[in-house]
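> Show me how the following folds:
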Amino acid sequence: MLKKTSYALLFFLGLQLILFSCCKEKTYRVHLQSLVIYDETDGVITTTSEDLLLYVNFIYDYQDITTINTSNFNFNTALATTCPDNVYIYEHEFTNLNITADQDINGIIAGESLNEIMKFSYYDRDNSFEIIEFYNPTNTEDNPFQQSPDLITLFFNDTIVSPTAFKLTITIENSNEDTFTVTSNTYIIE
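Below is the predicted model of the structure:
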């Protein structure tokens with residue numbers, strides 16, 4: 001009898017440990033800090049216009065503003081199979097994304113917007129979008145990355161005349177009028 005009672009006590013103690021160890025939902029305020037272009041090398045990159053992919057990383061600051069800890073003796077967590085998701089509050093939306101080059105490309109003067117001949121994608125080039133959809137999304141339910149992408153891939157949807165050497169500058173603006181700019185290495189189209 002003592003052995004069965006000990007097993008039952010250990011079972012319920014283990015169950016309580018599992019229930020009390022469930023994670024707690026946190027709320028974060030998210031701010032864009034900077035942009036980084038990921039290149040495989042720090043030097044000049046020679047490629048074709050079809051193979052030119054420009055990876056732009058978004059660096060965010062996550063400020064923990066609250067932890068939701070409702071004391072319910074974890075009776076509801078006994079029925080749950082997963083912990084709640086964290087909540088992210090994005091105070092500033094993207095209002096503009098502009099891509100320019102330091103040289104003329106396909107008849108577009110240096111310093112003018114290349115948005116009309118470029119597209120972007122979230123992680124998958126086959127699922128590409130027009131540049132305007134980055135800051136003016138048409139259907140946010142279909143793509144959860146639109147509010148705060150970690151990475152976007154930029155590429156030309158037109159063939160660039162070779163030989164052309166240029167640097168690209170990406171400028172992103174937020175609704176709080178912050179501007180983030182990053183310039184790529186030199187690309188040579190062959």
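> Now name the helix or strand holding N96.
strand 94-101 (DSSP states H and E).
> and after that strand, which helix or strand comes next?
Moving toward the C-terminus from strand 94-101, the next helix or strand (DSSP H and E) is strand 118-121.
> what sits up against that following strand?
Contacts to strand 118-121, defined as C-beta atoms under 8 Å, 6 or more residues apart in numbering, come from residues 97, 99, 127-131, 134, 152-157. All C-beta spots, glycine's among them, are computed from the backbone N, C-alpha and C.
> Out of the residues you listed, which one has the lowest pLDDT?
Taken together, the contacts of strand 118-121 show their lowest pLDDT at N127, with 73.
> quick one on the thing from earlier: which strands or helices does the strand holding N96 pack on?
helix 132-135, strand 164-174 (3 or more C-beta pairs under 8 Å, 6 or more residues apart in numbering; DSSP states H and E).
> redo that, cut-off 10 Å
Under the contact criterion of 3 or more C-beta pairs under 10 Å, 6 or more residues apart in numbering; DSSP states H and E, strand 94-101 touches strand 54-67, strand 118-121, helix 132-135, strand 151-156, strand 164-174, strand 179-189.
> In it, which residues are buried?
By neighbour count with 16 or more other C-beta atoms under 10 Å, strand 94-101 contains the buried residues F94, N96, L97, N98, I99, T100, A101.
> Pass me the low-pLDDT residue ranges in the chain, would you?
Applying pLDDT under 70 to the chain flags residues 14-24, 66-84, 123-125, 135-148.
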